[in-house]
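J.: can't give you the sequence, but here's the structure:
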């Protein structure tokens, strides 16, 4: 078991090293001019020459790569060409709002997806099951950007119930001190007890939250359903039934518990997908997260920022995969 | 157990929803003494500030900085006069080499430091020393002398229009000498200290900027003006449109033409179309055959469907250019030659140059993401195909597009480079020098145009603009006649700025010298 996990971690690190190398060379091989980017618009040749020196761009690419990796090992992701702020500092600002969305979607996936799959399995081929299956297929296949725009149209433009985008009403920000503890506003405002801000933050997260949750909800519902159906056909369930245990007890306690391994694996992987999916949703909802950050970075070929975000997504994929692997490994039936 | 947990979660959520309804009527804290929050909301299409250092910022940041910081003078493009801001008066010597500015007394920076001659000297020297952004505007200045606390004398090494320079929207801001005591990354942390009507209250990584009234502003305040201003990055056009429709935002710009039409007919908003100092140009690679033949360049200038481009690429919110200088800027002349869409003439000129149908293949580059440039390129391509010229259109990120153009081998360069230009200094020289003056290594002369006669003409006109504006204007117009004869570029259209405003917002006057800048202290609600 220990050896298995160790092997997995090693493999993960190898993947990350590969990702760093590929992104570094890819962003540098593409035609662009980091020095011009650093100096800003309408630069003079002298300014660009000075910037090339400052940024070390006059050295061979392989030397630059070495410097970058050495700094990276010290936890230094470099300085953004656009804002001239350390990429790590910027990520610390932009990651929490994205994490907030991902967490919300994961919570939704669990509290909506699992019961949905459960009832679907329980009422197999009944009306409810058809509805659930229809819903989950729809949730997985509807394009996120379409859902986002559609929700905005209904809830902002027509019903005028929910805000269009952003994390908090700009005018409220002027009236109240906005707490900065974790950077996840719904959480921060709740624990500091500012109900007005909390409610506003909640209102802001509803639409992007729903948009981003649809995929994991659908996925988890589908997986729970099929895993449960398989389990419900097993002998030990028949045995439990013949002992006269209540259907609900069998379903919730004996069957569901066994299906959770599959669900958790899928969930872990879907969190990784959601993280990238939020990028698009953030752009539409003007959510101040990593997605917003990376889109500006890509548009301006800000390579330290691009590598930083790529590394972040890659690490979360690797970690989530590791978690999924461990979950599977914990199951005694898999452990060999 | 699990069922219970789910139940509790659901109950918690309902509770939250209930508190949501309850707290609406009972705000936890009062906004301010009067209970009124008068906030002005500017929904901006990009990042409001890229660099908080007023010496360096040479981009969007002016929309914020012109409200926090001030120049000595401001140029009013409508009256063509200089508004006295931090200077109350100025004079120049006959030869335009010595300029004396009288400064406004009793002005304080936001931190209380007094504004005086020392601050002027400090600001300009700081900007020059850093040498980034638009620092070049001060190139002519040899020495800044402090005559007394409120009088500064500029000694120039060659005649230059210092009034134009001092009113530049970039790099001409006055900063407090107390800046020297701040840590190096003070600006990067999002700080500001100017003399302007608004102070920086807070900013989140450049996405959002909140300004608050500087109660001690030297210009004074009436009751009706805004206490707070929010400038927020809203990149999605559909979002900006919806925000202005619902009244969440008060003012915005840069919406697609279809949206503007729809908003106009809805009548809920005010749409104001004004000329801007931004023009779109297509630069020919004059170093590359057959574009080194002026007949070919002229032919290609006649092939551009100007009216269709204005109508379809810009939705009518532009005007075909006359010469290189946009309408409204001095140095623009209606009498200059204007190329018209004329395929017969284009064909004839190509024949004359010995180019057969199907022989000419050209590569056009434009900045990816720019819809208007893209539509223009497609319309142009269709016209060119009618005269047997094949056009390849390539969208590139700006950095790459520019990098390709900077290459030294003409054969690996583009044939046509499409780019917008806008003013930094309010002078034709800003266009005619940067875009067409001979360059040792390519910067923005993307036609690689070399003409000593032209160079001498605009350099002379620039020096003249320090002493005799009318003479200077004649020089700049004559220089444009050369450009139109040599056709190193197609002058496609002068863009309009379209402001979309809430009907209750009053006092807004556009000044094209300061693109997209809203001078917030002039605005009020009615």
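T.: Cool, the structure landed. Keep in mind that what you see is a predicted model, and the values were worked out from it rather than measured. Numbers count the residues shown, from 1 in each chain, chains lettered A, B, ... in the order given.

J.: Report whether the longest helix along chain A contacts chain B.
T.: Determined from DSSP state H, the single longest helix within chain A is helix A:195-232. Yes - for a cut-off given as CB under 8 Å from any CB of the partner chain, helix A:195-232 has contacts with chain B, namely A:195-196, A:198-199, A:202-203. All C-beta spots, glycine's among them, are computed from the backbone N, C-alpha and C.

J.: again with stretch A:165-183
T.: Yes - using CB under 8 Å from any CB, we find that stretch A:165-183 touches chain B at A:165-166, A:170-171, A:173-176.

J.: name the element the closest residue in space to residue A:9 that isn't next to it in sequence belongs to?
T.: Among residues not flanking residue A:9 along the chain, residue A:322 sits closest, at 6.7 Å (CB to CB, 6 or more residues apart in numbering or on different chains). Counting by DSSP states H and E, the element that carries residue A:322 is helix A:303-330.

J.: How about residue B:143?
T.: Secondary structure assignment for residue B:143, by DSSP H and E: strand B:141-148.

J.: if we look at that strand, which residues are touching it?
T.: Applying CB atoms under 8 Å, 6 or more residues apart in numbering or on different chains, the contact partners of strand B:141-148 are B:100, B:117-118, B:120-121, B:124-125, B:128, B:152-157, B:162.

J.: how many neighbours does residue B:507 have?
T.: 14 (other CB atoms under 10 Å in any protein chain shown).

J.: What pLDDT is listed against it?
T.: The score at residue B:507 is 93. That number is its pLDDT.

J.: What are the buried residues along stretch B:116-130?
T.: The neighbour-count check on stretch B:116-130 (16 or more other CB atoms under 10 Å in any protein chain shown) flags B:116-117, B:119-124, B:126-128 as buried.

J.: Report whether it contacts chain A.
T.: No - using CB under 8 Å from any CB, stretch B:116-130 stays clear of chain A, coming no nearer than 10.0 Å.

J.: Look up how far residue B:61 lies from residue A:139.
T.: 43 Å (CB to CB, to the nearest Å).

J.: cool, and residue B:217?
T.: Taking CB to CB as the criterion, residue B:217 is separated from residue B:61 by 20 Å.

J.: next one: residue A:19
T.: For residue A:19, the distance to residue B:61 (CB to CB) stands at 34 Å.

J.: in terms of contact, does residue A:138 touch residue A:218 like I think?
T.: Yes - counting by CB atoms under 8 Å, residue A:218 is a contact partner of residue A:138 at 7.2 Å.

J.: higher neighbour count, these two?
T.: residue A:218 (26 against 12).

J.: Run through the residues that contact that one.
T.: Counting by CB under 8 Å, 6+ apart, residue A:218 touches A:113, A:135-140.

J.: And it, what's its pLDDT?
T.: Per-residue confidence (pLDDT) for residue A:218: 91.

J.: I'd like to know how many residues surround the residue nearest to it when sequence neighbours are not counted.
T.: Excluding the flanking residues, the one nearest residue A:218 by CB to CB, 6+ apart is residue A:139, at 3.1 Å. Residues lying near residue A:139 (other CB under 10 Å) number 22.

J.: in what helix or strand does residue A:139 lie?
T.: For residue A:139, the host element (DSSP H and E) is helix A:127-141.

J.: ok, now residue B:430?
T.: Assigned by DSSP H and E, residue B:430 belongs to helix B:429-436.

J.: which parts of that helix are buried?
T.: For helix B:429-436, by 16+ other CB under 10 Å, it's B:429-433, B:435-436.

J.: Name the spans of the chain whose pLDDT lies under the cut-off.
T.: Just going to use chain A. Applying pLDDT under 70 to chain A flags the ranges A:31, A:41, A:331, A:333-336.

J.: not what I meant, chain B
T.: Applying pLDDT under 70 to chain B flags the ranges B:1-37, B:205-206.

J.: can you tell me which strand in it is longest?
T.: As assigned by DSSP state E, the longest strand anywhere in chain B is strand B:270-284.

J.: who's in contact with the helix or strand just after that strand?
T.: Following strand B:270-284 in sequence order, the next helix or strand is helix B:294-302 (DSSP H and E). Identification of contacts with helix B:294-302 by CB under 8 Å, 6+ apart yields B:284, B:286, B:290-291, B:339-343, B:345-350, B:352-353, B:355, B:360, B:362, B:384, B:387, B:389, B:416, B:485-488, B:490.

J.: Recalculate using a threshold of 7 Å.
T.: B:284, B:290-291, B:339, B:342, B:345-346, B:349-350, B:352-353, B:355, B:486-488, B:490 (CB atoms under 7 Å, 6 or more residues apart in numbering or on different chains).

J.: for the helix or strand hosting residue A:275, which positions count as buried?
T.: Taking DSSP H and E as the criterion, residue A:275 maps to helix A:256-285. Going by neighbour count (16+ other CB under 10 Å), the buried part of helix A:256-285 is A:256, A:258-272, A:274-275, A:277-285.

J.: so residue B:43, which of the three states?
T.: Using DSSP: H, G, I helix; E, B strand; the rest coil, the structure places residue B:43 in strand.

J.: List, one by one, the residues from the stretch 201-350 of chain B near chain A.
T.: Within the stretch 201-350 of chain B, the positions adjacent to chain A are B:204-208, B:210, B:228, B:230, B:232, B:234, B:236, B:238-239, B:242-243, B:246 by CB under 7 Å from any CB of the partner chain.

J.: Dump the residues of helix A:195-232 next to chain B to TSV, plus neighbour count and distance to residue A:224.
T.: Below are the residues of helix A:195-232 next to chain B laid out as TSV (neighbours: other CB atoms under 10 Å in any protein chain shown; distance: CB to CB, whole Å):
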residue	neighbour count	distance to residue A:224
A:195	18	35
A:196	20	38
A:198	23	31
A:199	22	32
A:202	20	27
A:203	17	30
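
J.: Okay, the residue nearest to residue B:450 when sequence neighbours are not counted and residue B:458: tell me how far apart.
T.: Once flanking residues are discounted, residue B:450 sits nearest to residue B:438: 4.8 Å by CB to CB, 6+ apart. For residue B:438, the distance to residue B:458 equals 11 Å [CB to CB].
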